[in-house]
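>>> sequence and predicted structure are below.
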Amino acid sequence: QVQLVESGGGLVQPGGSLTLSCAASGFSLDGWAIGWFRQAPKKEREEIVCINWNDRVTYYTDSGKERFTISRDDTKNMVYLQIIGLKPEDTAVYYCATNSYCSSYEGDFRSWGQGTQVTVSS
């Protein structure tokens with residue numbers, strides 16, 4: 001069974017950082033693109049960044065892309081999203097999803113995790 005599970009979310013103070021993890025099971029991430037998305041309260045889900053099978057990274061967010069770093073470890077079947085300089089507006093549910101290539105259209109992504117909540121507040 002193909003499954004993605006996000007973890008690493010939580011309550012963080014403004015200016016803090018955290019690393020989200022996306023664990024894949026039931027298939028190998030090797031050869032797949034993985035995107036990180038987020039959905040803030042009362043907002044549309046947006047794509048932040050995607051890493052291709054060849055480690056090529058594409059950013060889709062206008063919200064300070066330098067604060068987001070995506071990486072992958074295919075030996076562990078894991079993808080990570082590091083976020084620094086967290087702001088209250090980063091509060092959202094963060095999702096990972098897979099596709100055969102990076103795309104700006106979330107409908108292209110086939111498998112999704114259940115999401116992990118990130119709350120930025122003092």
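Okay, I see it.
>>> when you work out contacts or count neighbours from here on, use the C-alpha atoms and nothing else.
Will do.
>>> helix or strand: which one has the most centrally placed residue in the chain?
Taking Cα atoms, centre = their mean, the centroid of the chain lies closest to Trp36, which sits 2.5 Å from it. Taking DSSP states H and E as the criterion, Trp36 maps to strand 33-39.
>>> please tell me how far the residue nearest to the centre of the chain sits from Ser122.
Trp36 sits 25 Å away from Ser122, going by Cα to Cα, to the nearest Å.
>>> one more: Gly115?
Counting by Cα to Cα, the gap from Gly115 to Ser122 is 22 Å.
>>> can you give me the strands in the chain?
3-7, 10-12, 18-25, 33-39, 46-51, 57-59, 68-73, 78-83, 92-99, 111-112, 116-120 (DSSP state E).
>>> out of those strands, the one nearest Tyr105 is which?
strand 46-51 (8.5 Å; Cα to Cα).
>>> give me the contacts around the closest one.
33-39, 57-61, 65, 68, 70-72, 102-104, 106 (Cα atoms under 8 Å, 6 or more residues apart in numbering).
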